[in-house]
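Enquirer: Kindly return the folded structure for what I paste below:
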Amino acid sequence: MKKNNKIDNILIRRKLLLELKKAGVKRVNKDAIIMLDRYVKENLNKLINVLAEELTIKGKKTLKKEDIAELIKKVKKEESYWEI
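Expert: Residues are numbered from 1 along each chain as shown. Modelled structure (predicted):
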């Protein structure tokens, strides 16, 4: 059975559009939404891969809230090194 990616993409784009509207953006170009959607997916995939790697290193099978909190702390720490 194939998963319908088109429906998923539409739902994700709607959520992005709603978040932009909440932030005060009144109008959004279709191409801008598509580009933002791709960026979010790429970064989400990177985070998921890092989480999966961390779990295998630790020998765990279940992803927990604490694991995500650790990853967020690491990312924030790395971002602070980037700032000048």
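
Enquirer: From V75, how far off is the closest residue to D37 other than its chain neighbours?
Expert: In this structure, D37 finds its nearest non-sequential neighbour in R13, 5.5 Å apart by Cβ to Cβ, 6 or more residues apart in numbering. Heads up, the C-betas are built off the backbone N, CA and C, glycines and all. From R13 across to V75, the span is 25 Å (Cβ to Cβ, to the nearest Å).

Enquirer: Show me which of those two is the more surrounded one.
Expert: R13 (17 against 12; other Cβ atoms under 10 Å).

Enquirer: mind checking the end-to-end distance for stretch 24-37?
Expert: Stretch 24-37 has an end-to-end distance of 18 Å (Cα to Cα, to the nearest Å).

Enquirer: buried set for that stretch?
Expert: 33, 36-37 (16 or more other Cβ atoms under 10 Å).

Enquirer: and that stretch, how far out from the chain's middle?
Expert: Centroid separation for stretch 24-37 versus its chain: 17 Å, with Cα atoms, centre = their mean, to the nearest Å.

Enquirer: From the contact counts, what lies against the helix ranked longest in the chain?
Expert: Secondary structure of the chain per DSSP state H: the longest helix is helix 30-58. Other elements packing on helix 30-58 under the criterion 3 or more Cβ pairs under 8 Å, 6 or more residues apart in numbering; DSSP states H and E are helix 5-22, helix 65-82.

Enquirer: Just name the most buried of the ones you listed.
Expert: Mean neighbour count (mean count of other Cβ atoms under 10 Å) peaks for helix 5-22 among those, with a mean of 12.

Enquirer: How far does stretch 51-71 stretch from one end to the other?
Expert: Terminal-residue distance, stretch 51-71 (Cα to Cα): 7 Å.
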